[in-house]
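[1] Sequence and predicted structure are below.
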Amino acid sequence: MLKWLKRIKELYNLESLVTRLLVKDPEFLQRTASYRELIADFRRKLSEQSVRESHLLERHLSRGRLPVRERIDRLLDVGTPFLEWSVFAAYGKYHGQFPNAGIVTGVGYIHGREVVVIANDSLVKGGTYVAETIKKHLRAQEIAMQNNLPCIYLVDSGGIFLREQSKVFADRDDFGRIFFNMARMSAQGIPQIAIVMGSCTAGGAYIPAMSDETVIIREQGTIFLGGPPLVQAATGEKISAEELGGGEVHTSVSGVADHLARDEEHALQLGRSIVATLPKPEKQVLNTEVPADPLYPIEELYGILGQSPREAVDAYEVIARLVDRSEWHEFKKKYAQTLLTGFAHIMGYPVGIIANNGILYSESALKATHFIELCNFRKIPLLFLQNVSGFMVGKKYEHGGIARDGAKMVHAVANAVVPRFTLVYGGSYGAGNYAMSGRAFDPNFMFMYPNARVAVMGGEQAATVLAVVKQEQLQKEGKELTNQEMNNLKEPVLKKYELESSAYFASSELWDDGIIDPADTRKVLAMAIETSLNKTIPEPRAGIYRM
């Protein structure tokens, strides 16, 4: 049996990655302990995002209403996972009054098929929308469109948070974009189902009105463009919310809703029944294998990853703990060694991996471009493992055409037809962020580790650049900066970059789809890959490569 496996590996040029780490080494143990503290802090922050004020929760429960995540649990198939996105949206903003940005989004299973869930949390300012709420809602719709997934809206919202109206109402990607997306999704044949669990006011009334099918709960759900206070102010008419736009009205008079539910449990079951009637999508078929664990425990990543972006991380060691049997077929192993490319499997799914193992050179970009084309034609999803300080700079490299070669890689990434997944396991700086399929390049999903960093450049570099520019300005006036003045100039820049390049700041701004524990990486990626297969992969295409 062992001889047969060895022969198979030889035929397919498979390599079992062999770790060079000494897991009992004091330095490794120290790094592991340090990272575990980082994970403990991550889990503490994560739990804080689900805490709600006790008096609000008690009142909510007393009315027969469920907290938002319990609603989602009862909507989805029992015992199946829910991959929640952007838990840290709006983190550190609004004096902590908008945890999760007041909305829960993610992908789960109903009757065995993946669906996107967008659920308002009415315990957060009545489920109203600030800028990050809208951004999170739009991102969930974008994932539904990109991956051809039905969209289930659990509606319980007072609409726009009026104090923030100038930041959420009139621009291209503000509140109105939700309804634009719904119309586009409908035209693409992507099912949309609304379950009205509570208030559905003003522009938010269009969510149930524009959905394929709508469920509303008797004497709990309401739908109206203008609520009773606005009606009275505008017309002088006094009317209750139920009389104006309750479940009986909209299922028997207006026809805005289609199904009248007795209570929340009934409403969620009706939603599940609707999903059962939807036609099954034609899924992309991949050459999958039986899933197998890596040779090395995934928790060893804690001792491999650095907490400082200056610490070098061996990408081979990361890959060895992510891929099945720690096996991969490396492409151009001896060429452009600061960028690793190769084929592997994760939980049985084939992937093409592009991983930073140093700075990007012209050769790195050419290697990546070639590899992306291979994955396109073979219809193999791409996984980008980001830990990059950017492209090499300097006269030699500019004259050698690094901008031209980097442009080839950027073209290839932007026009890749296969699903793309991005994981930031270290630093993500400058043009390296873009070339390695950063947020601007629309990967199907993008996740970060708690230690990850994202910025135009490192804080020390930014502080030095600004200080040098200032010094050059003063030199023209015949002045000079002292060392103390130079340090005083650098210090606020360093502090700003330290804050604004952190994973939590990035996630608060929704530059990713969530921060994850490295130990959960294989499960998260497997679910993301499976989700992407609801849309078939088109034939390859390419732009113009500057030769």
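    Good, I have the coordinates.
[2] Which residue is most remote from the mean position of this structure?
    The outermost residue of the chain, judged by C-alpha distance from the chain's mean C-alpha position using Cα atoms, centre = their mean, is Gly478 at 50.6 Å.
[3] pLDDT score assigned to it?
    The predicted local confidence for Gly478 comes out at a pLDDT of 79.
[4] what do you get for Ser16?
    Ser16 is assigned 88 on the pLDDT scale.
[5] Also Thr80?
    For Thr80, the pLDDT comes out at 97.
[6] Tell me the spacing between Glu164 and Ala209.
    Glu164 sits at a distance of 24 Å from Ala209 (criterion: Cβ to Cβ, to the nearest Å). Every C-beta, even on glycine, is put in place using the N, C-alpha and C of the backbone.
[7] Buried residues in stretch 389-399, which are they?
    389-392, 397 (16 or more other Cβ atoms under 10 Å).
[8] okay if I get those as JSON lines plus distance to Ile319?
    JSON lines is the format used below for the buried residues of stretch 389-399 (distance: Cβ to Cβ, whole Å):
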{"residue": "Ser389", "distance to Ile319": "19"}
{"residue": "Gly390", "distance to Ile319": "22"}
{"residue": "Phe391", "distance to Ile319": "22"}
{"residue": "Met392", "distance to Ile319": "23"}
{"residue": "Tyr397", "distance to Ile319": "27"}
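[9] wait, which of those residues is closest to Arg522?
    Distances from Arg522 to the buried residues of stretch 389-399, taken as Cβ to Cβ, are shortest for Ser389 (26.7 Å).
[10] Need phi/psi at the residue farthest from the centre of the chain.
    The main-chain torsion angles of Gly478 are listed as degrees, to the nearest 10 and equal phi 80, psi 20.
[11] roughly how far is stretch 340-347 from the heart of the chain?
    Mean-position distance between stretch 340-347 and its chain equals 21 Å (Cα atoms, centre = their mean, to the nearest Å).
[12] So what touches it?
    Under the contact criterion Cβ atoms under 8 Å, 6 or more residues apart in numbering, stretch 340-347 has outside partners 288-289, 291-292, 315-316, 319, 322-325, 327-333, 350-357, 367-368, 371, 380, 383, 522-523, 525-526, 529.
[13] thinking again about what came up before, generate JSON lines for the buried residues of stretch 389-399, with pLDDT, secondary structure and distance to Arg63 as supplementary columns.
    Output for the buried residues of stretch 389-399, formatted as JSON lines (pLDDT from 0 to 100; DSSP: H, G, I helix; E, B strand; the rest coil; distance: Cβ to Cβ, whole Å):
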{"residue": "Ser389", "pLDDT": "89", "secondary structure": "coil", "distance to Arg63": "54"}
{"residue": "Gly390", "pLDDT": "87", "secondary structure": "coil", "distance to Arg63": "54"}
{"residue": "Phe391", "pLDDT": "89", "secondary structure": "strand", "distance to Arg63": "57"}
{"residue": "Met392", "pLDDT": "87", "secondary structure": "coil", "distance to Arg63": "61"}
{"residue": "Tyr397", "pLDDT": "87", "secondary structure": "helix", "distance to Arg63": "65"}
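[14] buried set for the lengthiest helix in the chain?
    Looking across the chain with DSSP state H, the single longest helix is helix 26-48. Residues of helix 26-48 classed as buried by neighbour count (16+ other Cβ under 10 Å): 28, 31-32, 35, 38-39, 42, 45.
[15] go on, stretch 294-310?
    Applying a neighbour-count criterion of 16+ other Cβ under 10 Å, the buried positions in stretch 294-310 are 294-296, 298, 300-306, 309.
[16] can you tell me the distance between the two ends of that stretch?
    Counting by Cα to Cα, to the nearest Å, you get 27 Å between the two ends of stretch 294-310.
[17] now that stretch, how far from the chain's geometric center?
    The gap between the average C-alpha position of stretch 294-310 and the chain average comes to 21 Å, counting by Cα atoms, centre = their mean.
[18] Flag every buried residue along stretch 159-168.
    Within stretch 159-168, the residues that qualify as buried by neighbour count (16+ other Cβ under 10 Å) are 159-161, 164, 168.
[19] related to what we said a few turns ago, which of the buried residues of stretch 294-310 sit farthest apart?
    For the buried residues of stretch 294-310, and using Cβ to Cβ, no pair is farther apart than Leu295 and Pro309, which are 28.2 Å apart.
[20] Just put the buried residues of helix 26-48 in CSV and tack on distance to His55.
    As requested, these are arranged in CSV below (distance: Cβ to Cβ, whole Å):
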residue, distance to His55
Phe28, 48
Arg31, 44
Thr32, 42
Tyr35, 38
Leu38, 34
Ile39, 32
Phe42, 29
Lys45, 24
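[21] Looking at those, which is nearest Tyr497?
    When the buried residues of helix 26-48 are compared for distance to Tyr497, the smallest value, 19.0 Å, is given by Leu38; criterion: Cβ to Cβ.
[22] List the contacts of that closest one.
    Neighbour list for Leu38: 307, 450-451 [criterion: Cβ under 8 Å, 6+ apart].
[23] Same list (these) but as CSV, adding pLDDT.
    Shown next, in CSV, are the contacts of Leu38 (pLDDT from 0 to 100):
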residue, pLDDT
Gln307, 70
Pro450, 97
Asn451, 95
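[24] Now flag whichever of these is closest to Arg69.
    The nearest member of these to Arg69, counting by Cβ to Cβ, is Pro450 at 21.8 Å.
[25] which non-adjacent residue is nearest the closest one?
    Sequence neighbours aside, Phe42 is the residue nearest to Pro450 in space, at 4.5 Å (criterion: Cβ to Cβ, 6 or more residues apart in numbering).
[26] Quick check: mean pLDDT of the helix or strand encompassing Ser273?
    Counting by DSSP states H and E, the secondary-structure element that holds Ser273 is helix 264-276. Averaged over helix 264-276, pLDDT sits at 98.
[27] contact partners of the very next helix or strand once past that helix?
    For helix 264-276, the following helix or strand on the C-terminal side (DSSP H and E) is helix 301-304. The contact list for helix 301-304 (Cβ under 8 Å, 6+ apart) reads 21, 23, 28-29, 31-32, 35-36, 39, 313-314, 317-318, 321, 518-519, 521.
[28] can we see that at 7 Å?
    Helix 301-304 has contacts (Cβ atoms under 7 Å, 6 or more residues apart in numbering) with 23, 28, 31-32, 35-36, 313, 317-318, 321, 518.
[29] so which of these comes closest to Gly432?
    Taking Cβ to Cβ as the measure, Gly432 sits nearest to Val313 out of the contacts of helix 301-304, at 14.4 Å.
[30] could you dump the helix holding Ser273 to PDB, C-alpha only?
    Only the C-alpha atoms of helix 264-276 are listed here, as PDB (Å, rounded to 0.1, in the frame of the first residue of the first chain):
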ATOM      1  CA  GLU A 264     -42.000  33.600  14.500                       C
ATOM      2  CA  GLU A 265     -41.600  29.800  14.500                       C
ATOM      3  CA  HIS A 266     -44.400  29.500  11.900                       C
ATOM      4  CA  ALA A 267     -42.900  32.300   9.800                       C
ATOM      5  CA  LEU A 268     -39.500  30.600   9.700                       C
ATOM      6  CA  GLN A 269     -41.000  27.300   8.800                       C
ATOM      7  CA  LEU A 270     -42.900  29.000   5.900                       C
ATOM      8  CA  GLY A 271     -39.600  30.400   4.800                       C
ATOM      9  CA  ARG A 272     -38.100  27.000   4.800                       C
ATOM     10  CA  SER A 273     -41.100  25.600   2.800                       C
ATOM     11  CA  ILE A 274     -40.600  28.300   0.100                       C
ATOM     12  CA  VAL A 275     -36.900  27.400  -0.300                       C
ATOM     13  CA  ALA A 276     -38.000  23.700  -0.800                       C
END
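[31] Since that was my last question, I'll sign off now.
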